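**Student:** My questions are about this predicted structure, shown below with the sequence.
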Amino acid sequence: MYKRIISLIFAVVVFGALHHNALAVSDKKIGNQPVDAAVSSKNIPKEEHRPVLMILPREIDLGSIKPGATAFGDFRMSDLAPGAVEYSVSCPDDWDVVSGKLLRMTVSSEPASLRLELTIPDMTENMHGDKSKMPAYQARMKMETAGKELVCKKSLKAGQYRKAIPLTSIGGQKNIFVDFRIQAQQEIPSIYLNPQRLDLGVQLSGKTLSKKIELTNKSRDKLQWSILMPEANPKELNRELLKERYFSFQNEELPEPGKYVIPEHLKEAMELSGKWTEKNGYPLNKGNVGAMKFRFQGTGISVFLQSHTEDGSCSIYLDEVLLNLPDELSGQWEKKELLIAEGLPDGPHTMTLLIRARNLELEGVKVFGREMMRGPRGWITAFPNSGTTLSEIDYINVKVDTSYLAPGTYGDQIIFKTNVGDEVAEVFVNVLSDTGHKVIDVFLYTKDFDYLFTADPQAEARRLFQNGYIKEGIAFRLFSPQTPGTMSFYRWYHPVKKDHFYHYDRTGGGKKLDGYVYEGTIGNIATSRMTNTRELYRWFHPSTGRHYYSTDPKAATGIRRGYRFDGIAGYVR
């Protein structure tokens, strides 16, 4: 019994001692944290920082990118957990690293920006290879943050893409995404204006002129466009006019198809030798030996070529001195401006093109150093002023009103704003005073229902007398030759129908001239309204085939019943 009591007391003492030691150990700390006495301090890990990454946006759509363009996007990143985490940004899979290898960025609660640029060059990799294969573009992706950058590249064909960009940290890997579409060249909307430069020549003050511009989109995507007139946006367009004047070689009133004739207002400046034909009114040399000489007053000149072949040779002379322009004249192309000279002493100069065995189609020239003026508000108008074009041709009607223009040289620009950039059409005109231009009296002689107009009755006295024509007096007045804004007014006679026909088109303006005998010109008639002019109306009798002309719109009545209105023959005094 005594031994059992002694053993119990010993057990209580030992347990108390162990309990005291355990409490003492539990009060010790490793760092600032209490630890369990049964756990070694070497096995206690530090508390990990677990990032909570927020990315806005997670995916960026750069849209369609045409060759030669660059698209931009920004990712914004922040860590919602306390502390900061370092990430490394890599190129997308199967993209090559150009520079940077890895892009390191630190993300914390303060947002960080990762800027992305994607460039598609306008040159393809197989421009001189197999043209049957779809061309590829060397796409270039640049990512930038805090002044550091990573550049990647990849050969890509036209099409739709979605690329993952890896972000790696101690917590693992996440991806951000970029979407884009590379447009094929034939899919890119493009604006083509024909003509792009309007030369209205030399005109009298007070005349309204009209021209058409063809607008074409040579692609499969929509071309959206609108016209900005010269006075519509003063901040954008109120700039100093360039001292340059464009002269078009186009002749819209050729006497016969296929034969080129220098326009009336350029006859003193332009000279052709050799065999020249015409294409759409422009001079064309088809591989023959020929020359074009152009005399100008200014400080320089450039020539616009419609088309050009690689074979043969073309020499250019300036003031009888041969110029060396081999790079500019090499190859085959269409629509090109060739700068001949600039910075010349202001004065008279001569440019000569000598062609040998080469097809060359000329559009015109631009002379530098010419003082230009801008017309008042509304002197140039265009309709329609906006539209959407697919594969069709849209026609823009451009009107130029010289009513309030003082004598001088005028020029301005019409800006076409589109969804793929801007294009410019230029307008030029020389305005002369309406005074001092000689007018010609035109006399009317009649026999039955045949109407003969002549400006020189004495020269035609024999014809008038033998055929029994009766003098009616002065019918109207025409203009002297070479009057700006006028054209020769031709006369034909049909001996069977006993009918005279008149037109300013040497080919008859679409009328069949079978049986008619050409009798020459009786003067010049205005082809559009000029100051102090009036309409000369034409009627046609379908039964007799005869024509009647008068300045009175109600003249085809009474004895002239049965005549049908056939349009305006022109404008007379």
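**Tutor:** It's in.

**Student:** in the stretch 401-550 of the chain, which spans are helices?
**Tutor:** 461-466 (DSSP state H, counting those that start in this stretch).

**Student:** can you list the weak-confidence ranges in it?
**Tutor:** For the stretch 401-550 of the chain, the stretches with pLDDT under 70 are 434-437.

**Student:** again, but for the chain
**Tutor:** In the chain (pLDDT under 70), the answer is 1-50, 124-134, 185-189, 231-241, 255, 307-312, 325-334, 357, 434-437.

**Student:** list the contacts for the residue positioned nearest the centre of the chain?
**Tutor:** Computing the C-alpha centroid of the chain and ranking residues by Cα atoms, centre = their mean puts Glu423 first, at 3.3 Å. Listed by Cβ atoms under 8 Å, 6 or more residues apart in numbering, the contact set of Glu423 reads Ile191, Leu193, Gln196, Ile415, Phe416. No exception for glycine: its C-beta is placed from N, CA and C like everyone else's.

**Student:** The fourth one bridge partners, please.
**Tutor:** Taking DSSP bridges, one finds Leu228, Val424 as the beta-bridge partners of Ile415.

**Student:** Give me the neighbour count for it.
**Tutor:** Using other Cβ atoms under 10 Å, Ile415 has 17 neighbouring residues.

**Student:** quick one: it and Ser226 touch, right?
**Tutor:** No: using Cβ atoms under 8 Å, Ile415 is not in contact with Ser226, being 9.3 Å away.

**Student:** what sits against Gly364?
**Tutor:** Counted by Cβ under 8 Å, 6+ apart, Gly364 has contacts Arg197, Asp199, Tyr246, Phe247, Ser248, Phe249, Gln250, Val303, Phe304.

**Student:** Of the contacts of Glu423, which pair is most distant in space?
**Tutor:** Spatial extent of the contacts of Glu423 (Cβ to Cβ) is set by the pair Gln196 and Ile415 at 12.2 Å.

**Student:** Now for the two: what residues contact both?
**Tutor:** In contact with both Gln196 and Ile415: Glu423, Val424, using Cβ under 8 Å, 6+ apart.

**Student:** returning to what we had before: just the ones of the contacts of Gly364 in strands?
**Tutor:** Arg197, Asp199, Tyr246, Phe247, Ser248, Val303, Phe304 (DSSP state E).

**Student:** Distance check, Lys259 against Asn359.
**Tutor:** 17 Å (Cβ to Cβ, to the nearest Å).

**Student:** Which one's more surrounded, the two?
**Tutor:** Higher neighbour count among Lys259 and Asn359: Asn359, with 17 against 10, using other Cβ under 10 Å.

**Student:** rewinding a little: can you tell me which of the contacts of Gly364 has the most neighbours?
**Tutor:** With neighbours taken as other Cβ under 10 Å, the top of the contacts of Gly364 is Phe249, carrying 25 neighbours.

**Student:** Could you measure from that residue over to Leu318?
**Tutor:** 18 Å.

**Student:** same question, Leu56
**Tutor:** For Leu56, the distance to Leu318 - Cβ to Cβ - is 62 Å.

**Student:** In terms of packing, which of the two has more residues around it?
**Tutor:** Leu318 (16 against 10).

**Student:** The more buried one and Met351 touch, don't they?
**Tutor:** Yes: Leu318 sits in contact with Met351 when judged by Cβ under 8 Å, with a separation of 5.7 Å.

**Student:** what residues do those two have in common as contacts?
**Tutor:** Ile301, Ile340, Ala341.

**Student:** Mind putting those into TSV with secondary structure and neighbour count?
**Tutor:** Formatted as TSV, those follow (DSSP: H, G, I helix; E, B strand; the rest coil; neighbours: other Cβ atoms under 10 Å):
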residue	secondary structure	neighbour count
Ile301	strand	24
Ile340	strand	21
Ala341	strand	18
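
**Student:** if we take those residues, which one ends up nearest to Asp441?
**Tutor:** Among the shared contacts of Leu318 and Met351, and counting by Cβ to Cβ, the member closest to Asp441 is Ile301, at 42.7 Å.

**Student:** What ranges does this protein have for its helices?
**Tutor:** Counting by DSSP state H, one finds helices in the chain at the ranges 2-26, 234-237, 461-466.

**Student:** Restrict the last one to CA atoms and write it as PDB.
**Tutor:** It stands for helix 461-466. The C-alpha trace of helix 461-466 is given here as PDB (Å, rounded to 0.1, in the frame of the first residue of the first chain):
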ATOM      1  CA  ALA A 461     -22.800  85.500-154.100                       C
ATOM      2  CA  ARG A 462     -22.800  83.100-157.100                       C
ATOM      3  CA  ARG A 463     -24.200  80.200-155.200                       C
ATOM      4  CA  LEU A 464     -26.900  82.300-153.600                       C
ATOM      5  CA  PHE A 465     -27.900  83.900-157.000                       C
ATOM      6  CA  GLN A 466     -27.900  80.700-159.000                       C
END
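
**Student:** heads up, I number from 28, so please use that
**Tutor:** Okay, using 28 as the starting number, the last item reads as helix 488-493.

**Student:** That one: how far from the chain's middle?
**Tutor:** 59 Å (Cα atoms, centre = their mean, to the nearest Å).

**Student:** Please identify the buried residues of that helix?
**Tutor:** Leu491 (16 or more other Cβ atoms under 10 Å).

**Student:** can I see the domain layout of the chain?
**Tutor:** Domain assignment for the chain by automatic domain parsing gives 80-213, 218-268+399-459, 274-395, 466-599.

**Student:** ends of the shortest one, how far apart?
**Tutor:** Looking back up the chat, that one is domain 218-268+399-459. 34 Å (Cα to Cα, to the nearest Å).

**Student:** just how off-centre is that domain within its chain?
**Tutor:** Computed by Cα atoms, centre = their mean, the chain-centroid distance of domain 218-268+399-459 equals 12 Å.

**Student:** same question, the last one
**Tutor:** Taking Cα atoms, centre = their mean, one finds the center of domain 466-599 at 44 Å from the center of the full chain.

**Student:** Just give me the closest of the ones in strands among the contacts of Gly391 to Asn551.
**Tutor:** Nearest member of the ones in strands among the contacts of Gly391 to Asn551, counting by Cβ to Cβ, is Asp226, at 20.1 Å.
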